[in-house]
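Chemist: Just a sequence and a predicted model for now, questions to come.
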Amino acid sequence: MSQIVGAIHHVANRTREGVKDAAGAFGDAQHVERHFVDLTFKFIGASGLPKMDVVGTADPYFVAKLDDQLSFVSTVKPNTLSPVWNELWKVKNVPNTATLTVEVLDKDNGNITDDHIGKFSTSVSAGAKECAIESMSLRRNRGTFWLNIESTPSTDAKAERRQYVFDGPIRFSRHFSPTVGRLTNLNDARLYSTWKIYIKGVKMFFGDTVQHWNRDYKAAQAIFQGPTSIAVRSTIQAGHRMLYARSTTNGFGVINGPEDVFRLLLHGNVGGAEGTLPGSPSPYAHRVKPAVYTYIIAVEDDSFRFSETGAAFFVDFASKHALHANCAPAVRYSGEFHPRPEGGWENFSDDIPDDRVRWELIIDNNSGTYSPDPLMLPDLQELLQYNFPGFTIHALDRNDPRLIHSRESCRAYALDKRGVRQEDLQPHARTGEETLSHSAQVQGSVPDGGPSGVAGTAIGEPVVN
C-alpha cells in the first residue's frame, strides 16, 4: 500500500511541476516585448466549403477583425464552394500581439441575417497561412482558408496613441434602395443610390474625437431621447439595413486618384451593377452632375457614406444623417458636399469638356442632427486631401456666405442646364411609389442581424496586379 501511495505522490508532484513549467512558459509568452507593426493582409481564398443553399452551392464572403478594433468585409462570391478573393487590407500601428479573427458566411439575399459557415483565429506574424475553418457550435471542419501577411515595424512615433489605423486600399461600394426594383422608366437612378467609401488615416487627423448627437435639435431629440425614440430608431435602423444591404450585385471598385472620385459623381450609372436598374441613359451620363450630397463619416468603420440630398429614400425619415449613420449616437463628422469646376458653376459652360476642368470638392458641417464642431473643418480638409490627392478640397462652415453662394450656383446650373427638376432637389416620392420608410416600418420590429459591426460595411476589391 505504501508503494502505491508513494507512486501517487510521485505522479502528483510531477504533474504539479509540469503545471508550474507550463505556467512559466505561458508567462514568458505573455512578456514578449510589445511593439507596433504595419500589416498588409492578402486574403487569397478558401476551399472545401459546405453546400449552404438548397438551389446552388453557396455565396460566401468573410469578415476579418483585428482585436475587435477594425474590420474588413470581402466581396460576395456567387455560387461557389472554392471562392478566390485576392483582396488586400493594410493596417498601420497594430500591436504585434494582435489576433486576426475571420468569420466566413453565406450571403442570403433577401434575408436580414446571413448563414454562418465557420471561423478561425490566427496571430499576425508574417508569412503564408493555411487555416482550418471551424463551426462555432460543433467544432467541425468547414473548409480551409489561405492568406498571407506582410509585416514591417511601424515608423509612427505616435503609434501607441493611434492604433489600428486603416491604410488602404480605398474601396467603394454602391448600393440601391430596395424600392428601385419596383419602378419603371426611372429618370435618375442616382436618387435611389448610396455610396460608401472606406477612407484611410482617420485617426491621424481626428484622433478619438467624435461628434455626438445634437441635444438642442428637435429632430435629434425625437430619435435619441424620450419614450417614443425607440420606435423611431427602429424604423431608421431597418431602413439603413435595407439601404446598405450587401448583395452579389453591389457596384464596387477602388479609388486610385481624383478621376475615380469624380467618376462616382457623374450623371450616369457609373459604379453600379449593370442591368439592375430600369430607365434610359441621361444625355449627360458622362458629365459630372451638379448636385449636393449628404454625408457622414462613421465611427464604427471610418467609412465615408453619402447620397444625393434629394434622394428619394429620405422621404418621411426624421434625419438624413441618422439614416446614413444607422442612428449612431456619434459620428466622426457630417454635413453636405458638392463638386464644382474651378471658378464655380456660375462661370462654367457645357462647351468645356470635363477632362479639361480642374475640379474642386466643397464640403461643410451642415448637419443639424450632429452639429459638427466648425473648428475641425481644417482637419476634415486635410483628411480628404490625404485620401484624394490631386484635386482641391474646400471645407467651409455651414453659415459661410461663400458656401451658400457655391451651393446655390450648383443647384441653379442643374436646373437651368442639365434638366434637373425642382422636386428632385429635395426628397420626394412619385405617385404610387412605396417609400423606403414604409418598407422599413414593416421590418422595423425585426432585430438587427448579421455579424456584429458588419451591417452596411463596404465590400472588398480584388488586388490589381
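Modeler: All right, it came through fine. Residues are numbered from 1 along each chain as shown.
Chemist: The closest residue to D302 other than its chain neighbours: how many residues sit nearby?
Modeler: Closest residue in space to D302, ignoring its immediate chain neighbours: V202 at 4.1 Å, by CB to CB, 6 or more residues apart in numbering. Using the backbone N, CA and C atoms, a C-beta is placed for each residue, glycine as well. By the criterion of other CB atoms under 10 Å, V202 has 25 neighbours.
Chemist: Just the pLDDT for A458.
Modeler: Among the per-residue scores, A458 holds a pLDDT of 36.
Chemist: Ignore what I typed, I meant T144.
Modeler: T144 is given a pLDDT of 97.
Chemist: isn't the residue nearest to D302 right next to D301, touching?
Modeler: No. Counting by CB atoms under 8 Å, V202 stays clear of D301, with 9.6 Å between them.
Chemist: nearest spatial neighbour of D400, skipping sequence neighbours?
Modeler: With sequence-adjacent residues excluded and distances taken as CB to CB, 6+ apart, D400 is closest to D364, at 7.6 Å.
Chemist: Quick check: that neighbour vs Y295, distance?
Modeler: In this view, D364 and Y295 are 10 Å apart by CB to CB, to the nearest Å.
Chemist: shared neighbours, those two?
Modeler: By the contact definition CB atoms under 8 Å, 6 or more residues apart in numbering, D364 and Y295 are jointly contacted by 335-337.
Chemist: between those residues, which is closest to L375?
Modeler: The closest of these to L375 turns out to be G335 (CB to CB; 14.0 Å).
Chemist: what number of residues lie near the closest one?
Modeler: 27.
Chemist: so what's it up against?
Modeler: When contacts are counted by CB under 8 Å, 6+ apart, G335 is found next to 294-295, 363-367, 372, 398.
Chemist: For my notes, confirm it occurs in a strand.
Modeler: Yes. Under the criterion used here (DSSP: H, G, I helix; E, B strand; the rest coil), G335 sits inside a strand.
Chemist: now it, which residues is it bridged with?
Modeler: Here G335 shows beta-bridge partners Y295, assigned using DSSP bridges.
Chemist: Against N96, how distant is it?
Modeler: On the measure of CB to CB, G335 and N96 end up 38 Å apart.
Chemist: V202 too?
Modeler: From V202 to N96 the distance is 23 Å (CB to CB).
Chemist: F388 and P258 touch, don't they?
Modeler: Yes. With contact defined as CB under 8 Å, F388 counts as touching P258 (5.8 Å).
Chemist: and the two? which has more neighbours close in?
Modeler: With neighbours defined as other CB under 10 Å, F388 and P258 compare such that F388 has more, 20 against 16.
Chemist: Next up, phi/psi of the more buried one, please.
Modeler: Phi and psi for F388, reported as degrees, to the nearest 10, are phi -130, psi 70.
Chemist: Now it: closest residue in space that isn't a chain neighbour?
Modeler: Leaving out its chain neighbours, the residue that sits closest to F388 by CB to CB, 6+ apart is V261, at 5.4 Å.
Chemist: Near the one you found, how many other residues are there?
Modeler: 21.
Chemist: do T97 as well
Modeler: The tally of other residues near T97 (other CB under 10 Å) stands at 14.
Chemist: In contact with the closest residue to it other than its chain neighbours, which residues are there?
Modeler: Distance criterion CB to CB, 6+ apart; nearest residue to T97, sequence neighbours excluded, is R34 at 5.8 Å. Applying CB under 8 Å, 6+ apart to R34 gives the contacts 95-97.
Chemist: Can you tell me how far R34 is from P227?
Modeler: 47 Å.
Chemist: My reading is that the residue nearest to T97 lies in a helix. Confirm?
Modeler: No. Using three-state DSSP, the secondary structure at R34 is coil, not a helix.
Chemist: On the pLDDT front, check it for me.
Modeler: With respect to pLDDT, R34 scores 86.
Chemist: One more: K107?
Modeler: On the pLDDT scale, K107 gets 86.
Chemist: can you check Y284 too?
Modeler: On the pLDDT scale, Y284 is placed at 85.
Chemist: Equivalent analysis for D167, please.
Modeler: As predicted, D167 sits at a pLDDT of 93.
Chemist: Tell me who's in contact with it.
Modeler: The contact partners of D167, by CB under 8 Å, 6+ apart, come to 38, 90-92, 200-201.
Chemist: quick one: which of those is nearest G45?
Modeler: Ranked by distance to G45 (CB to CB), the contacts of D167 are led by K90 at 19.0 Å.
Chemist: residue contacts, that closest one?
Modeler: Contacts for K90 (CB under 8 Å, 6+ apart) come out as 38-41, 166-169, 200.
Chemist: hmm, try it at 10 Å
Modeler: Going by CB atoms under 10 Å, 6 or more residues apart in numbering, K90 touches 38-41, 72, 150, 165-169, 200.
Chemist: ok, back up a step: ok, of the contacts of D167, which one's closest to R287?
Modeler: Closest to R287, out of all of these and judged by CB to CB, is K200, at 28.8 Å.
Chemist: any idea how far P389 is from the closest one?
Modeler: Distance, K200 to P389, using CB to CB: 12 Å.
Chemist: Between those two, tell me which one has more neighbours.
Modeler: K200 (20 against 10).
Chemist: picking that back up, okay, the shared contacts of D364 and Y295 in a markdown table with distance to F206 and pLDDT next?
Modeler: Below are these laid out as a markdown table (distance: CB to CB, whole Å; pLDDT from 0 to 100):
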| residue | distance to F206 | pLDDT |
| --- | --- | --- |
| G335 | 14 | 97 |
| E336 | 19 | 97 |
| F337 | 17 | 97 |
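Chemist: Number of residues surrounding I362?
Modeler: If you count neighbours by other CB under 10 Å, I362 ends up with 22.
Chemist: Show me the helices in the stretch 301-450 of the chain, by range?
Modeler: Along the stretch 301-450 of the chain, counting by DSSP state H, counting those that start in this stretch, helices occupy 320-325, 377-387, 401-417, 436-443.
Chemist: which of these is buried the deepest?
Modeler: Burial of the helices of the stretch 301-450 of the chain is given as mean neighbour count (mean count of other CB atoms under 10 Å); helix 320-325 ranks first at a mean of 28.
Chemist: and it, C-alpha only, in CSV?
Modeler: The C-alpha trace of helix 320-325 is given here as CSV (Å, rounded to 0.1, in the frame of the first residue of the first chain):
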residue,chain,number,x,y,z
LYS,A,320,-30.9,62.1,-43.4
HIS,A,321,-27.7,61.9,-41.4
ALA,A,322,-29.1,59.5,-38.9
LEU,A,323,-30.2,57.2,-41.7
HIS,A,324,-26.7,57.1,-43.1
ALA,A,325,-25.2,56.6,-39.6
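Chemist: My read is that H267 contacts D350, right?
Modeler: No. Using CB atoms under 10 Å, H267 makes no contact with D350, being 11.7 Å away.
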